[in-house]
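J.: Got a predicted structure here, sequence first:
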Amino acid sequence: MEYKESHYSLRCTACGAEYGENGNGFLLSCSHNHPPALLRTFYKEKLEIRNDLPGVFRYSNWLPVRRIVNGIECPSVYRSTGLAKAAGLDNLFISFNGYWPERQAFIKTCSFKELETAGVLGRLPENNNGTIVVSSAGNTGRAFLKVCSENAISALIVVPEKALSSLWLPENSAEFFRNRTVKIAALRGNADYFDAIRLGRIISSMDGFFAEGGAKNVGRRDGMGVVVLSAAEAIGVIPDHYFQAVGSGTGGIAAREMSERLLNDGTYGRRIMHLHLSQNEPFTPIKDAWENHNRSLKIYADDSMDDYDVKMRINSMRASVLSNRKPPYSLTGGLYDALMYSSGHMYGVSNEESMEAGKIFYETEGMDLDPAAEVAVASLFQAVKMERVKRKDIILLNITGGGYRCFKKDNEIVYIKPDIVFDLKDIQGNSSAERVGEKIALLYEKVYI
Ligand SMILES: [Zn+2]
């Protein structure tokens, strides 16, 4: 691949310090002494669209990548007629991230999380020989499971046990999985995404493993930003409004960053894209903080706490992938700043409302949606009702997942079993690193001292 690491630099959103990409391609934070802040990518050239490169790599001069990773398809962007009419909108564009052959949508894991893998795995040097640790509530895990298997990249996917039903592969990808570059660790019992993050953090501090980095990884955010790039290319302008359901809010930060890059680039006009982000009730920490004009979030993420009330609320959400207890909201360059920059809005959507929105989408557009995408559709109806968008505004609706039923009808899929199961007590207390270390050593048949 001809793009070298020199096609971008990393800048701290707090102090402005500038960094070149380091040797292992995974610089995640600024080394200066200040409160937490995200690094952001700055690309040296204007956006160049490369039709000769596969999938999302058509945008690779605006991705922090040094190699091509195969099998990652672009979203399908189209102008809606059915849903647009139902919502009373003239210029509604849908970015469909999933499987829908009639719409040229071929993301086989049926989730936009696959886009993240392009930036994260493309950022790895060719000679990387560590194992990347990815903690997931389900969809991100499935995306890394498929792409790492197909490209023979060593990965350990960490999920709560209840997310195992999300870990499936199309049968032809499962062939690659049998090469076993990817292993699965599950966390038993009442574990949620946050517990998986804790376990992932313990493992990634061990020799031979490194953390994917979540929202801090510019590769993850810029990969998700492909939604905005592909929409601008298809529509011809930066949209006025952007709708997405969020758990961590990383997709919202990514959309702000990519739209701001496009604004500075000028090819697709110079408008600010307003963020409209939604969460699934009854667990809506980002919406609660934003509506109270508060930069700090209520603390749900105490390592020693096993908060029953929070778990109950999370367990009652239809869109469980939206249940992040510690989203990157407060830090500099994070979601609070993204909402401020874009004069954004937050929405809370009930289970009933999201189910109804999914039904309307199916009736008007003709495809099944992921529950999180249904939350986003419901928020669009709320925004119209509240007159936060006008009939003629150019609106981008990010359907972050869909076409599961359609894909499973056309294709055989294989559910992947965990290689190792942890208990919640394994990750609690002072000797958690030792307990986890022993199990991981057995799994990899190595001794970590
Ligand atoms: Zn800094």
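T.: Yep, that arrived. Numbers count the residues shown, from 1 in each chain.
J.: Any idea which residue of the stretch 251-400 of the chain lies closest to the ion?
T.: Minimum separation of the stretch 251-400 of the chain from the ion (Cβ to the ion) falls at residue 332, amounting to 8.4 Å. Using the backbone N, CA and C atoms, a C-beta is placed for each residue, glycine as well.
J.: What ranges in the stretch 151-300 of the chain fall below the confidence cut-off?
T.: 300 (pLDDT under 70).
J.: from memory the residue of the stretch 251-400 of the chain closest to the ion sits against residue 14, does it?
T.: Yes. Using Cβ atoms under 8 Å, residue 332 makes contact with residue 14 at a distance of 4.3 Å.
J.: Strands of the stretch 1-150 of the chain, start to end?
T.: With DSSP state E, counting those that start in this stretch as the criterion, the stretch 1-150 of the chain has strands at 8-12, 18-19, 39-43, 76-79, 91-100, 105-106, 131-135.
J.: For the third one, which strands pair with it and how are they oriented?
T.: Here the strand partners of strand 39-43, with direction, are listed using DSSP bridges: strand 8-12 (antiparallel).
J.: Same question for the longest one.
T.: Each strand that strand 91-100 pairs with, and the sense of that pairing, follows from DSSP bridges: strand 76-79 (antiparallel), strand 105-106 (antiparallel), strand 394-402 (parallel).
J.: roughly how far out does that strand sit from the chain middle?
T.: On the basis of Cα atoms, centre = their mean, to the nearest Å, strand 91-100 sits 16 Å off its chain's mean C-alpha point.
J.: I'd like the mean pLDDT over it, please.
T.: Taken as a whole, strand 91-100 has an average pLDDT of 98.
J.: which parts of it are buried?
T.: 91-100 (16 or more other Cβ atoms under 10 Å).
J.: Can you dump the C-alpha atoms of it in CSV for me?
T.: The C-alpha trace of strand 91-100 is given here as CSV (Å, rounded to 0.1, in the frame of the first residue of the first chain):
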residue,chain,number,x,y,z
ASN,A,91,-34.5,15.3,1.9
LEU,A,92,-34.0,12.3,4.1
PHE,A,93,-31.0,10.1,3.3
ILE,A,94,-30.3,6.8,4.9
SER,A,95,-26.9,5.3,5.5
PHE,A,96,-27.7,1.6,5.7
ASN,A,97,-25.0,-0.4,7.5
GLY,A,98,-26.0,-4.0,7.1
TYR,A,99,-27.1,-6.5,4.6
TRP,A,100,-29.6,-5.5,1.9
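J.: biggest separation within the buried residues of strand 91-100, which pair?
T.: 91 and 99 (25.6 Å; Cβ to Cβ).
J.: quick revisit: tally of neighbours for the residue of the stretch 251-400 of the chain closest to the ion?
T.: Residues within reach of residue 332, counting by other Cβ atoms under 10 Å, total 16.
J.: can you tell me which residues contact it?
T.: 13-14, 35-38 (Cβ atoms under 8 Å, 6 or more residues apart in numbering).
J.: how about a cut-off of 7 Å?
T.: 13-14, 35, 37-38 (Cβ atoms under 7 Å, 6 or more residues apart in numbering).
J.: Looking at the residues you listed, state which has the most neighbours.
T.: Using other Cβ under 10 Å as the neighbour criterion, residue 38 leads the contacts of residue 332 with 27 neighbours.
J.: Next one: it relative to the ion, how far apart?
T.: Residue 38 is 10 Å from the ion, where distance means Cβ to the ion, to the nearest Å.
J.: My guess is that residue contacts residue 214. True?
T.: No. With contact defined as Cβ atoms under 7 Å, residue 38 does not reach residue 214; the gap is 10.8 Å.
J.: Give the buried residues for stretch 356-365.
T.: 356-358, 360-362, 364-365.
J.: how much space between the closest residue to residue 117 other than its chain neighbours and residue 278?
T.: Closest residue to residue 117 apart from its sequence neighbours, by Cβ to Cβ, 6 or more residues apart in numbering: residue 147 at 4.3 Å. Separation of residue 147 from residue 278 (Cβ to Cβ, to the nearest Å) stands at 27 Å.
J.: picking up where we left off before, the residue nearest to residue 117 and residue 111: what is the separation?
T.: Here residue 147 is placed at a distance of 12 Å from residue 111 (Cβ to Cβ).
J.: likewise residue 387?
T.: Taken as Cβ to Cβ, the span from residue 387 to residue 111 is 32 Å.
J.: Settle it for me: which of the two has more neighbours?
T.: residue 111 (27 against 7).
J.: Now do the same for residue 148: its pLDDT.
T.: Reported pLDDT for residue 148: 96.
J.: does it really touch residue 156, like I thought?
T.: No. Applying Cβ under 7 Å, one finds residue 148 not in contact with residue 156, separated by 9.6 Å.
J.: Tell me which residues touch the residue nearest to residue 117, please.
T.: 69, 71-72, 114, 117, 121.
J.: can you check residue 145 too?
T.: 157, 167, 169, 182, 416.
J.: Mark which of those are buried, thanks.
T.: Buried subset of the contacts of residue 145 (neighbour count, 16+ other Cβ under 10 Å): 157, 167, 169, 182, 416.
J.: Put together a markdown table for these, with secondary structure and distance to the ion on each row.
T.: What follows is the buried ones among the contacts of residue 145, written out as a markdown table (DSSP: H, G, I helix; E, B strand; the rest coil; distance: Cβ to the ion, whole Å):
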| residue | secondary structure | distance to the ion |
| --- | --- | --- |
| 157 | strand | 31 |
| 167 | coil | 37 |
| 169 | strand | 40 |
| 182 | strand | 34 |
| 416 | coil | 40 |
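J.: just curious, which of those is nearest to residue 31?
T.: Nearest to residue 31 among these, counting by Cβ to Cβ, is residue 157 at 29.4 Å.
J.: give me the beta-bridge partners of that closest one?
T.: residue 134, residue 184.
J.: re the thing from before, now the buried residues of strand 91-100 in a markdown table, with distance to residue 250?
T.: Output for these, formatted as a markdown table (distance: Cβ to Cβ, whole Å):
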| residue | distance to residue 250 |
| --- | --- |
| 91 | 27 |
| 92 | 24 |
| 93 | 22 |
| 94 | 21 |
| 95 | 16 |
| 96 | 20 |
| 97 | 14 |
| 98 | 19 |
| 99 | 23 |
| 100 | 24 |
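J.: which of the residues you listed lies closest to residue 208?
T.: Checking the buried residues of strand 91-100 against residue 208 with Cβ to Cβ, the nearest one is residue 97 at 32.7 Å.
J.: my read: residue 155 touches residue 146, true?
T.: No. Under the criterion of Cβ under 7 Å, residue 155 makes no contact with residue 146, lying 10.6 Å away.
J.: Which of those two has more residues huddled nearby?
T.: residue 146 (27 against 23).
J.: how near is that one to residue 200?
T.: From residue 146 across to residue 200, the span is 19 Å (Cβ to Cβ).
J.: Among the buried residues of stretch 356-365, which lie within helices?
T.: Among the buried residues of stretch 356-365, DSSP state H puts 356-358, 360-362, 364 in helices.
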